[in-house]
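K.L.:
Requesting a structural model of the entry that follows:
(chains A and B)
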Amino acid sequence: MKGRRRLSGTTIQYLEGLLFISPWLIGFMFFMAFPLGYSLYMSFHNVEILATGIKTSFEGWNHYKFILFTSGGILYNDLIPFLIQSLMMLPVIIVFSLMIAIVLNQRFVGRGFFRGVFFLPVIFASGQLVQEFLSQGEGKLNFLDQYNISGIIAENLPKTLAAPIVSIMDSFVLVLWYSGVQILIFLAGRQTISGSVYEAARIDGANPWEVFWKITLPAMTPFIMLNLIYTVVDLFTFPTNPILTKVNTSNYGQSSALAWIYFTIIFLLLGLIFLLFKRVTSSRKTSA
Amino acid sequence: MERTDITVNPNHHPARRKGLRLRRIKHIIVGKEADKGLLYRLFIYFILITVTYIYLKPVFYMVSSMLKNEADLIDPAVNWVPRTVYFGILQDAWDILHFPKAFSLSLMVSLSVACLQTCSCAVAGYAFARLRIPFKKTLFFLLLLSFIVPPQVTILPNLIFAGKLDLIRTYIPIMLPALFGHGFKGAVFVIIYRQFFANQPKELEEAAKIDGASVFRIFYRVMLPLAKPAILVVFLFSFVWTWNDFYLPSMYLTGSENMPLSLSISIANSTIQQRIAMEGPSIFDEPLKMASSFLSILPPLILYMFAQRWFVEGVERTGLVE
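P.N.:
Model (predicted):
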C-alpha cells in the first residue's frame, strides 16, 4: 500500500516535470533535432529545390571529399587563418576578462561607472558594428603603430614566435570587444567565493599574489572552463566569421557538408577543453 | 599583482625612527593592505581608463564625425568637437535607413522575442533545475547540444521548411522558436534560469508544498517572483542580441520590404558603396556610415543606460553559472 502510494507519487512528479519540459522538448524536436538530422541527410545528397518540391539524389561522401581534398579554397583559405586567430584570441580573452573581473570586484572610486562601461560590449558588439570599426582601422591600438612595436617584435624575435604576437596585437581591440559576457561570467563567479576565505588568508599573512594563485584561481577554474566553452562557441558562431557566409543556399548539399565539417571542428575543440579540465580538476583532487 | 617585486622589509632599517617613516611611506605607496596601495591603485586606474577609452572611442567617434559639416570635415584642426553642430548627415542616415519603419520592426521583433524567451526559457529552466523528469541527464545533454550547434548547421533545413510553409520574408521563423524556449541563443537563457532556480533553497518549495500549493502555483507564485534578477538579465540579453542579430534576418528576410535595423545598416552601406562606385567618393560617406551605425545602436544603448544598474546587480545575484 505504502509502496504503491510512493510510486504513484513519483509518477505524478514525473508527469509534472514532463508538463514543464514539454514545450522546450517539442521546440527541440522541431527547431533542433529535425533540422540537424535533415542537414546531415542533405550533406550526403545533391539537393535541388524545384517548384514542385525537393529533389534529392544520393552523393555519399562526395561533398565531404570535395571540400576536404579537392577544393582547398572553400575550407582552408578561410578556415585555417580564422582558426589560428581564434585559438590565439582565446587565452587572451580569458586572461583579460579574468583580470578585469577581479579588478571590477574591488572597491574603488568610480566603480559603478567602470562597470557600466565594461559591459558595453555586451550591448553593441554586434557583428555589423564591430566589422565597421575594424574597417575603420579601430581594431588596432594606435600607439603600437606609432612606435612601430610590431616591427620591433618582428625584428627581434624568431619568426614563428613573432607572427602570432603581432597578429594578436593587431586585433587586440577585437579581443577587448569580445570579452563582455566573459567578464560578466567571471564577475558572477568571483561572487561565489566568500569574503571570509580571503579574510582568513590575510590573517595568515598571505600576500595578494599567493591569495590569487591559491584561492581565487582554483575557485575560478570551473568558470574558466565555462568561459572557454562560451568563447569558443561565440567566436565560431559570430556572424562575421568567414565560414558562415559560405553556408548559403546556392548548393544545399555542399553547404550542409561544410556546416557539418565546421561543427565537427568546434565539437573537437570543445572536447579537448573538457578533457583538459577533467585532468586539471582530477589532479587537484588527488593532490589535495 | 605587480606589487610583489617591491618587498621592503622594515627590519632591515637600522634606525628605528627612520624605519617607521619609511614604513609609512611604503604604506602610502604599496599599501597597508595588499590592494590599497597607491601604486596598485594607479595601475588599476591605468588599465581601467585605457580600456574605457578603447570602448568609448568608437561611440565618440561616431557622434563626432556625424555632427560635422563640410567645412569641419575638411579642416584638420577640427578633431573631435565640431565648430558647428550639423544635423544634415543624421537626417540623411535617417532617410537611407528608413529609420521609422526599420526601428519599429526591430522593436517589434526584439520585444516579442525577448518576452517569449523570458517566459518560455524560465519554464524550461525551472524544470531542469527543480523538477523530476525522466531522462533528465539526456535532456540536459540535448540542451548543451543546442547551445553549441552553430546556427549555420540548422539554417538550411529551417529555410526549406519555412519556404514550404510559405513563411519566408516573414518574421515568424525568427519568433516561433522563442515561444518554445529556443531561438537565438535560447539555450543560454535556459541555462541561466536553471542556474538561478537551482540555487534557491529547497525549504521554500517544501513550505509551499505543505501549504498545498501545486507545481504551477509554486512556480508562478513562489519561484518566479524571486527570479527578478534572472528575468531582467535574460530579457536584456535577449532583447539586445535579437536587436543586433543580422544573420537570421539576412537568411529569412532577403528581398523583403520589411527590414529590421540590423539589416538596414548593411543595405545602407551597400547603397553608399554603390554611390561611391557611380559618382566617386564623397567626404560624407564615412560620416553617413557612422550616423547610420549610431542610429542603430542608440535604442539598446538607451535601454542599457536605464537598466544598467539592475543589470549588473542582477548578473551577480543570479550567480549566472556555477
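
K.L.:
Could you use CA atoms for every contact and neighbour count after this?
P.N.:
Fine.

K.L.:
So, low pLDDT: which residues of the stretch 1-150 of chain B?
P.N.:
When residues are selected by pLDDT under 70, those of the stretch 1-150 of chain B lie in B:1-18, B:24, B:26-36.

K.L.:
how about 90 then?
P.N.:
Applying pLDDT under 90 to the stretch 1-150 of chain B picks out residues B:1-98, B:130-132, B:134, B:147-150.

K.L.:
those helices in it, which residues are they?
P.N.:
Using DSSP state H, counting those that start in this stretch, the helices of the stretch 1-150 of chain B run over B:16-29, B:38-66, B:70-74, B:88-96, B:99-130, B:136-148.

K.L.:
would you turn those helices into JSON lines with distance to chain A and mean neighbour count?
P.N.:
Formatted as JSON lines, the entries for these read as follows, by distance: least, Cα to the nearest Cα, whole Å; neighbours: other Cα atoms under 10 Å in any protein chain shown:
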{"stretch": "helix B:16-29", "distance to chain A": "14", "mean neighbour count": "14"}
{"stretch": "helix B:38-66", "distance to chain A": "6", "mean neighbour count": "17"}
{"stretch": "helix B:70-74", "distance to chain A": "16", "mean neighbour count": "14"}
{"stretch": "helix B:88-96", "distance to chain A": "15", "mean neighbour count": "17"}
{"stretch": "helix B:99-130", "distance to chain A": "5", "mean neighbour count": "22"}
{"stretch": "helix B:136-148", "distance to chain A": "6", "mean neighbour count": "16"}
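
K.L.:
Pull out the buried positions in stretch A:198-211.
P.N.:
Neighbour-count burial for stretch A:198-211, counted by 16 or more other Cα atoms under 10 Å in any protein chain shown, picks out A:198, A:201, A:206, A:207, A:208, A:211.

K.L.:
Which ones among the residues you listed map onto helices?
P.N.:
Those of the buried residues of stretch A:198-211 mapping onto helices are A:198, A:201, A:208, A:211, per DSSP state H.

K.L.:
which SS class is the residue of the stretch 51-200 of chain A found nearest chain B?
P.N.:
When distances are taken as Cα to the nearest Cα, the stretch 51-200 of chain A reaches nearest to chain B at residue A:188, 4.8 Å away. Following DSSP: H, G, I helix; E, B strand; the rest coil, the label given to residue A:188 is helix.

K.L.:
Next to chain B, which bits of the stretch 1-150 of chain A? Give me the list.
P.N.:
Taking Cα under 8 Å from any Cα of the partner chain as the test, the list of the stretch 1-150 of chain A residues beside chain B reads A:13-18, A:20-21, A:23-24, A:26-28, A:31-32, A:35-36, A:38-39, A:103, A:112, A:114-118, A:120-124, A:126-129, A:133, A:138.

K.L.:
and residue A:228, how many neighbours does it have?
P.N.:
Neighbourhood size, residue A:228 [other Cα atoms under 10 Å in any protein chain shown]: 20.

K.L.:
picking up where we left off before, quick one: which of the buried residues of stretch A:198-211 is nearest to residue B:198?
P.N.:
The closest of these to residue B:198 turns out to be residue A:198 (Cα to Cα; 25.9 Å).

K.L.:
wait, what's in contact with the closest one?
P.N.:
Under the criterion of Cα atoms under 8 Å, 6 or more residues apart in numbering or on different chains, the contact list for residue A:198 reads A:211, A:215.

K.L.:
So which bits of the longest helix seen in chain A are buried?
P.N.:
Across chain A, the helix with the greatest residue count (assigned by DSSP H) is helix A:252-287. Using 16+ other Cα under 10 Å as the burial criterion, the residues of helix A:252-287 that qualify are A:252-263, A:266-267, A:269-270, A:273-274, A:277.

K.L.:
Nearest to residue A:177, out of the helices of the stretch 1-150 of chain B?
P.N.:
Comparing the helices of the stretch 1-150 of chain B under Cα to Cα, the one sitting nearest is helix B:38-66, at 7.5 Å.

K.L.:
Tell me what angle that closest one forms with helix B:88-96.
P.N.:
Taking axes from the mean of the first three to the mean of the last three Cα atoms, to 10 degrees, one finds that helix B:38-66 is oriented at 70 degrees with respect to helix B:88-96.

K.L.:
coming back round to it: the residue of the stretch 51-200 of chain A closest to chain B - how many residues pack around it?
P.N.:
Here the neighbour count serves as a burial measure; for residue A:188 (other Cα under 10 Å) it reads 25.

K.L.:
One more: residue B:161?
P.N.:
15.

K.L.:
Could you tell me how far the helix or strand containing it lies from the centre of the chain?
P.N.:
Mapping residue B:161 onto the secondary structure by DSSP states H and E places it in helix B:151-164. Relative to its parent chain, helix B:151-164 has a centroid offset of 26 Å by Cα atoms, centre = their mean, to the nearest Å.

K.L.:
cool, stretch A:219-226 as well?
P.N.:
Between the mean C-alpha location of stretch A:219-226 and the chain-wide mean there is a distance of 14 Å, by Cα atoms, centre = their mean.
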